[in-house]
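Participant: coords below, sequence missing:
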């Protein structure tokens, strides 16, 4: 029967999780920035939009999902709009709602970036861990997210 981990052991485990995540995320975001000129927040927004119906989402919801303040989100959205990656479209049904929508150029860039991201993750996560451990890791992180978001 396994023994309960001592304090040092459990703190070390969590440190390894954080260090592994940071090393992998830094490599992923570095390659995305190099290939597409996208900062992490911009990449995150494009990925959320390319996976959304009609490639659009209410700006307030998008800011919340991307964990950005309204001011921080506005700056990112302004940069994306200036680069012709998104446009702002007022809702026809509710004048309080404005959608962030991918432009045609934005959709192309988002699709290419999503493909590159998947390729990089195949190399940096799937190759060293294998499919079973990768699925187990994702499920463990989902469990932690749900438990700690209550």
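Facilitator: Here it is on my side, so go on. Computed from a predicted model, the values in this text were never measured in an experiment.
Participant: CA atoms for contacts and neighbours, from now on please.
Facilitator: OK.
Participant: The residue at minimal distance from the centre of the chain and residue 113: what is the separation?
Facilitator: If you average the C-alpha coordinates of the chain and look for the closest C-alpha using Cα atoms, centre = their mean, you land on residue 44, 4.1 Å from that point. Residue 44 sits 10 Å away from residue 113, taking Cα to Cα, to the nearest Å as the criterion.
Participant: and if you look at residue 63?
Facilitator: Residue 63 sits 20 Å away from residue 113, going by Cα to Cα.
Participant: mind listing the helices for the chain?
Facilitator: 7-36, 40-50, 59-65, 70-82, 104-121, 127-148 (DSSP state H).
Participant: returning to what we had before: residue 5 versus the residue nearest to the centre of the chain, what's the distance?
Facilitator: Residue 44 sits 36 Å away from residue 5 when distances are taken as Cα to Cα.
Participant: Give me the below-cutoff pLDDT ranges for this protein.
Facilitator: Along the chain, segments meeting pLDDT under 70 are nowhere present.
Participant: For residue 40, give me its contacts.
Facilitator: Contacts for residue 40 (Cα atoms under 8 Å, 6 or more residues apart in numbering) come out as 29, 33.
Participant: rerun at 7 Å
Facilitator: Applying Cα atoms under 7 Å, 6 or more residues apart in numbering to residue 40 gives the contacts residue 29.
Participant: How about residue 88?
Facilitator: Residues in contact with residue 88, defined by Cα under 7 Å, 6+ apart, are 98, 99, 100, 101.
Participant: for residue 46, same thing?
Facilitator: Contact analysis of residue 46 by Cα under 7 Å, 6+ apart lists residue 110.
Participant: Can we start the residue count at 35 from this point?
Facilitator: Shifting the count to begin at 35 puts that one at residue 80.
Participant: Look up how far residue 111 lies from the residue nearest to the centre of the chain.
Facilitator: Look at residue 78 and residue 111: by Cα to Cα, they are 12 Å apart.
Participant: same question, residue 136
Facilitator: When distance is defined by Cα to Cα, residue 136 is 11 Å away from residue 111.
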